[in-house]
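1. Fold the stuff below for me.
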Amino acid sequence: MHSPVIDISSLAEDHSATSYQYVYYCWIQMQGNAHIMITRRSVMALGLIGLSLTLSHAADDAVKALEGKWATDGSAGISAEWTFKGDKLEADVNGNLYKADFKLDPAAKPHATMDLEITDSPDGNGTKRAGKAIYKVDGDKLQICVSLPGQDRPSEFTNIDEVQYKFELKKKK
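-> Sure, this is the predicted structure:
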């Protein structure tokens, strides 16, 4: 930011100008620059708020896209039904019911991400444990690859025993 340039030559030539007028003139100049600085900061803040709202809106849209029941067709030897309602998930995997809160980041690259906070699990040890997942929605098909608590987020949609599991689900009508 440049320092304000104040032309005081007209005040210096005008012998009737008092020091009070000179101070007032400088104050007006400084207020003008402060106003510009505030305006620039305000514009930047509004831009950040707009970006935040856009990202929040994208996450809300992603949550709405997952809303409802998704299930495997049973052909892969696994029976799973995942039910999304708001930011809550119930996943029944081979008769074992897991409950979790989730947050989505649909803009994450290379894959959209899902963070899970397990609130209930069949073994009772799941409470407040975190799981990480990647997901992809393609029409009525949903792929999720979720890591076990304590493991890194999956980077690909693949099964790795005792580390991460891939689910291919279809939207139930």
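
2. Any buried residues in stretch 155-172, and which?
-> Phe157, Gln164, Tyr165, Lys166, Phe167, Glu168, Leu169, Lys171 (16 or more other C-beta atoms under 10 Å). Just so you know, the C-beta spots here come from the backbone N, C-alpha and C atoms, and that holds for glycine as well.

3. Alpha carbons only: can I get that stretch in PDB?
-> Provided in PDB are the C-alpha atoms of stretch 155-172 (Å, rounded to 0.1, in the frame of the first residue of the first chain):
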ATOM      1  CA  SER A 155      -6.300 -43.500  -2.400                       C
ATOM      2  CA  GLU A 156      -8.000 -46.000  -4.800                       C
ATOM      3  CA  PHE A 157     -11.200 -47.900  -4.900                       C
ATOM      4  CA  THR A 158      -9.700 -51.300  -3.900                       C
ATOM      5  CA  ASN A 159     -10.000 -53.900  -1.100                       C
ATOM      6  CA  ILE A 160      -7.100 -54.400   1.200                       C
ATOM      7  CA  ASP A 161      -7.900 -56.900   4.000                       C
ATOM      8  CA  GLU A 162      -7.800 -55.400   7.400                       C
ATOM      9  CA  VAL A 163      -7.100 -51.900   6.000                       C
ATOM     10  CA  GLN A 164      -9.800 -50.800   3.600                       C
ATOM     11  CA  TYR A 165     -13.000 -52.100   2.000                       C
ATOM     12  CA  LYS A 166     -14.700 -51.200  -1.200                       C
ATOM     13  CA  PHE A 167     -18.500 -51.200  -1.500                       C
ATOM     14  CA  GLU A 168     -20.400 -51.000  -4.800                       C
ATOM     15  CA  LEU A 169     -23.900 -49.900  -4.000                       C
ATOM     16  CA  LYS A 170     -27.100 -49.100  -6.000                       C
ATOM     17  CA  LYS A 171     -29.800 -46.700  -5.000                       C
ATOM     18  CA  LYS A 172     -32.900 -48.400  -3.700                       C
END
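
4. Now do that stretch: everything it contacts.
-> 68-73, 76, 78, 80-82, 110-111, 134, 136, 140-148, 151, 154 (C-beta atoms under 8 Å, 6 or more residues apart in numbering).

5. Please tell me how far Asn125 sits from Tyr98.
-> For Asn125, the distance to Tyr98 (C-beta to C-beta, to the nearest Å) stands at 11 Å.
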